[in-house]
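Engineer: fold the following and give me the result.
(chains A and B)
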Amino acid sequence: MIDSYNYAFLDEGSKREIRRSILKAVAIPGYQVPFGSRELPIGRGWGTGGIQLTLSLIGPGDTLKVIDQGSDDSVNAVNIKKFVKMCTDVPCTIHTKDATIIQTRHRIPEVPMTNEQILVLQVPIPEPLRIVEPQEEVTKKMHAEMDYAPIWLQLYESLIKYGKITIGSEYPCMVEDRYIMNPSPIPKFDNPKLHNSQCLYLFGAGREKKIYAIPPHTKVVSLAFDDIPFEREDFAGKRCRLCGSTDTYLDEIFDSNTGERYYQCSDTSYCKEVRSR
Amino acid sequence: MKQLHTFDEVYDSQKVFRKILDVMANPGRVCDIQEESDKLFGEHKEFLALSMTLLDNSVSFATFGDRELDEQIILLTHARPEEPSKADFLFLYDQGQVEEAIRTAKCGTLENPHSSATILYKIQEEEAKRMAALSGPGVDGILEEPLCGQIVEAVKIRDGQGYEYPAGIDFLFLLPRGRLIGIPRLTKMEET
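Structural biologist: Now for the predicted structure:
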């Protein structure tokens, strides 16, 4: 830990503002609370929203885990861990069950989270209506009036055009029957984990300056039509080439030399744990 | 130089914040901030611990006429005293002022529900407990637990305001011995 920085890098005024925004976000699940996103020694778009949340939460009693697309060892995860360790004294872990705060990009861990844990998600585009309406002023009004017809229309058009809803990640969901929310670019496979979960989910968008939250045991329903139910990615018949799991989210790896396709768990620490059993 | 308090702005604030977050994310749960608030001074040191965690010069507060508490909060946080109808945080300990506080507190708008007030209500002597069923986000199904009479009454007054969600106000209750309970705006309460 470098003592010349304030503990957890941010000045206390910045932490207080972010903490107030977190509390409002928890009180109004799914609502995007604006906040004064701070400059960090990392470019915006590289997880600055998640980092600011983590730095405002973290204290000496915590254990941190950072993952990027399920991996503990990817560039984004490693650098965020180095940065947090540089300005705090918290230990880092790769084991989901040992962490009190987990910062993640694009995945929710396979190991079920507990009520004592907080999952911080990095969000590039927090506004689920951005795809149908470019103006922030208008989307804010649409949320206020629960005017969500355009996003339903977008799903319907996708059905008509392609015969199925083609959104791969960032699949929108309805929180407590009030707000449509972007769950960040997690795969559809992870969307059901948001519903009635044990842990607190915090979402931070540094570039877009928004914080939102899903408290434990909150109703989160992925958008679907009565006759066209929500569908997750289907891995039927496939298994992880390393641990043999058939119930996890699998990455597809293509070997251009042999033309073979392999599948392996996206959550690397879970995969290691299964192999070590 | 005289030391006013030993509350650490970095580490104690972080601990208190995590407890506030815990009670707001899990309505009905009780967390204890006595260890941190004992590092402050005066009759309302729990209020001061919460103030040092959440308030600064970019937010406003109201104390309903307690000049001494006003001065202490300004001294520690530089927050602005404001009329109750415009304040971001309302500090309350007199049972006789609860109804007025809830009626006047700003509840935000449908576009900006985060611009609502948070009421910090310190209950000095707990009235007889009443069984209440809590439900909503943060509660696993229905949580039946005994809550002191003042909490039940305050939540009933709030519910009687008929706010259109997402507008509303959030409660942080301070019970004797530094115990903290959060009842955010979406938490439903029914007396059983």
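
Engineer: can you give me the strands for the chain?
Structural biologist: Looking at chain A here, since you left the chain open. According to DSSP state E, chain A carries its strands in the segments A:33-34, A:64-68, A:101-105, A:118-122, A:173-175, A:179-181, A:200-205, A:210-214, A:220-222, A:250-254, A:261-265.

Engineer: my question was about chain B
Structural biologist: Using DSSP E, the strands found in chain B span residues B:31-32, B:60-62, B:80-81, B:89-92, B:118-122, B:129-135, B:142-148, B:170-175, B:179-183, B:188-191.

Engineer: sorry, back to before: and the strands of chain A as TSV, adding distance to chain B, mean pLDDT and mean neighbour count?
Structural biologist: To be clear about C-beta, it is placed using only N, CA and C from the backbone, and glycine gets the same treatment. Written out in TSV, the entries for the strands of chain A read as follows (distance: least, C-beta to the nearest C-beta, whole Å; pLDDT from 0 to 100; neighbours: other C-beta atoms under 10 Å in any protein chain shown):
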stretch	distance to chain B	mean pLDDT	mean neighbour count
strand A:33-34	5	98	18
strand A:64-68	14	97	25
strand A:101-105	10	97	25
strand A:118-122	8	98	26
strand A:173-175	9	98	22
strand A:179-181	8	98	21
strand A:200-205	5	98	27
strand A:210-214	8	98	28
strand A:220-222	10	98	19
strand A:250-254	31	95	13
strand A:261-265	29	95	17
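
Engineer: the stretch 51-200 of chain A against chain B: which residues are in contact?
Structural biologist: With C-beta under 8 Å from any C-beta of the partner chain as the criterion, the stretch 51-200 of chain A meets chain B at residues A:56-61, A:115, A:140-141, A:143-145, A:176, A:178-179, A:200.

Engineer: for these, which one is nearest B:Y121?
Structural biologist: When these are compared for distance to B:Y121 (C-beta to C-beta), A:L200 wins out at 23.6 Å.

Engineer: partner residues bridging the closest one?
Structural biologist: Bridge pairing for A:L200 (DSSP bridges) gives the partners A:I118.

Engineer: any idea how chain A splits into domains?
Structural biologist: A:12-222, A:234-277 (automatic domain parsing).

Engineer: looking at those domains, spot the one closest to B:E153.
Structural biologist: Counting by C-beta to C-beta, and looking across all of the domains of chain A, nearest comes domain A:12-222 at 20.7 Å.

Engineer: ok, now which ones touch the spatially most central residue of chain A?
Structural biologist: Using C-alpha atoms, centre = their mean, the residue of chain A that lies closest to the mean C-alpha position is A:L121, 3.3 Å off. Neighbouring residues of A:L121 by C-beta atoms under 8 Å, 6 or more residues apart in numbering or on different chains: A:50, A:103-105, A:183-184, A:186, A:201-204.

Engineer: let's see 10 Å
Structural biologist: Contacts were defined as C-beta atoms under 10 Å, 6 or more residues apart in numbering or on different chains; by that measure A:L121 touches A:47, A:49-50, A:53, A:102-108, A:183-186, A:190, A:194, A:201-205, A:212, A:214.

Engineer: what does B:V155 give?
Structural biologist: B:102, B:132, B:134, B:147, B:171, B:173, B:183, B:187-191.

Engineer: ok, now with 8 Å
Structural biologist: Under the criterion of C-beta under 8 Å, 6+ apart, the neighbours of B:V155 are B:171, B:183, B:187, B:189.

Engineer: over to A:R130?
Structural biologist: With C-beta under 8 Å, 6+ apart as the criterion, the residues that contact A:R130 are A:T139.

Engineer: hmm, try it at 6 Å
Structural biologist: Contacts were defined as C-beta atoms under 6 Å, 6 or more residues apart in numbering or on different chains; by that measure A:R130 touches no other residue.

Engineer: hmm, stretch B:137-151 touching chain A?
Structural biologist: Yes. Shown here: stretch B:137-151 in contact with chain A (C-beta under 6 Å from any C-beta of the partner chain) through B:137-140.

Engineer: among the residues you listed, which ones are buried?
Structural biologist: Buried by 16 or more other C-beta atoms under 10 Å in any protein chain shown: B:137-139, out of these.

Engineer: quick one: low-confidence ranges for chain B?
Structural biologist: Judged by pLDDT under 70, chain B has its weakly predicted residues at B:1-2.

Engineer: longest helix of it?
Structural biologist: helix B:11-25 (DSSP state H).

Engineer: may I see the buried residues of that one?
Structural biologist: In helix B:11-25, residues buried by neighbour count (16+ other C-beta under 10 Å) are B:12-25.

Engineer: repeat for stretch B:134-151
Structural biologist: The neighbour-count check on stretch B:134-151 (16+ other C-beta under 10 Å) flags B:134-139, B:143, B:147-148, B:150-151 as buried.

Engineer: what about it, start to end distance?
Structural biologist: Here the two ends of stretch B:134-151 are set 12 Å apart, with distance taken as C-alpha to C-alpha, to the nearest Å.

Engineer: which other residues reach it?
Structural biologist: A:29, A:215-218, B:25-28, B:123, B:126-133, B:173, B:186-189.

Engineer: switch to 8 Å and redo it
Structural biologist: Applying C-beta under 8 Å, 6+ apart, the set of residues contacting stretch B:134-151 from outside is A:26, A:29, A:176, A:214-219, B:24-28, B:95, B:98, B:121, B:123, B:126-133, B:171, B:173, B:175, B:181, B:183-184, B:186-190, B:192.

Engineer: what do you get for stretch B:61-70?
Structural biologist: Taking C-beta under 8 Å, 6+ apart as the criterion, the residues outside stretch B:61-70 that touch it are B:42, B:44, B:47, B:51, B:55, B:73, B:79-84, B:87-92, B:94, B:97, B:100-101.

Engineer: so among these, which ones count as buried?
Structural biologist: With neighbours counted by 16+ other C-beta under 10 Å, the contacts of stretch B:61-70 contain buried members at B:44, B:47, B:51, B:55, B:73, B:79-80, B:84, B:87-92, B:97, B:101.

Engineer: wait, which of the buried residues of helix B:11-25 is closest to A:I167?
Structural biologist: When the buried residues of helix B:11-25 are compared for distance to A:I167 (C-beta to C-beta), B:A25 comes out closest, at 28.6 Å.
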